[in-house]
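*Asks:* Provide a 3D model corresponding to the input given below.
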Amino acid sequence: MKRFNRKRRFALAALLMLIVAASAYAFTASNTVPSSAAGEGSGTITGFTASAIHYTIDAANPANITGVSFTLAPAPAATATVRAALNAGAYVNCTGPVSGTWSCPVTGTVLAATSLKVVAAD
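*Replies:* From the prediction side, this is the model:
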């Protein structure tokens with residue numbers, strides 16, 4: 001009789017483990033993952049050339065610069081992001097293009113003006 005109980009307990013334990021495993025599988029089988037996209041690629045990054053650079057001088061104090069305007073070639077789209085910085089200062093957003101010219105409200109002094117950085121992304 002002792003043998004029968006051991007076999008019965010073993011069978012019951014095995015059956016219980018099988019039920020637990022099957023129910024765990026049932027929960028994981030119901031997971032859904034939405035479709036997504038992934039990829040890799042490469043492309044050429046071409047630069048822009050800024051030309052026809054004109055600085056706006058403050059009418060009240062001609063020692064100060066209040067803005068700069070320029071054209072970019074090749075002409076970026078009207079929705080492009082264009083920013084400029086005078087003398088490694090903070091970048092400011094530029095507006096345009098108006099007749100192909102971008103305008104930026106940079107500030108600085110004429111005597112200290114040593115560099116202009118323009119960043120554009122189309």
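
*Asks:* the closest residue to Asp58 other than its chain neighbours and Ala90, how far apart?
*Replies:* Taking CB to CB, 6 or more residues apart in numbering as the measure, Asp58 lies nearest to Asn64, with 4.0 Å between them; neighbours along the chain are not counted. The way it works is simple: take the backbone N, C-alpha and C, and place the C-beta from them, glycine included. Here Asn64 is placed at a distance of 16 Å from Ala90 (CB to CB, to the nearest Å).

*Asks:* quick one: which of these two has more around it?
*Replies:* For Asn64 versus Ala90, the count of surrounding residues by other CB atoms under 10 Å is larger for Asn64: 14 against 9.

*Asks:* helix or strand right after the lowest-mean-pLDDT helix or strand in the chain?
*Replies:* Of all regular secondary-structure elements in the chain, judged by mean pLDDT, DSSP states H and E, the least confident is helix 2-29 with a mean of 72. Once helix 2-29 ends, the next helix or strand along the chain (criterion: DSSP states H and E) is strand 49-57.

*Asks:* quick one: strands adjacent to that next one?
*Replies:* Counting by DSSP bridges, the strands paired with strand 49-57 are strand 64-73 (antiparallel).

*Asks:* what sits up against the partner strand?
*Replies:* Contacts of strand 64-73 with the rest of the structure, by CB atoms under 8 Å, 6 or more residues apart in numbering, involve 48-58, 82, 84, 86, 97, 100-110, 113, 116, 118, 120.

*Asks:* any idea how many residues pack against Leu116?
*Replies:* Under the neighbour criterion other CB under 10 Å, Leu116 is assigned a count of 19.

*Asks:* what's around the closest residue to it other than its chain neighbours, how many residues?
*Replies:* Among residues not flanking Leu116 along the chain, Leu86 sits closest, at 5.8 Å (CB to CB, 6+ apart). Burial of Leu86 is recorded as 23 neighbouring residues (other CB under 10 Å).

*Asks:* Leu86 touches Ala113, doesn't it?
*Replies:* Yes. Using CB atoms under 8 Å, Leu86 is in contact with Ala113, at 6.3 Å.

*Asks:* residues contacting the most centrally placed residue in the chain?
*Replies:* With distances taken as CA atoms, centre = their mean, the residue of the chain nearest its centroid is Ala121 (11.6 Å). Ala121 sits next to Ala80, Thr81 when contact means CB under 8 Å, 6+ apart.
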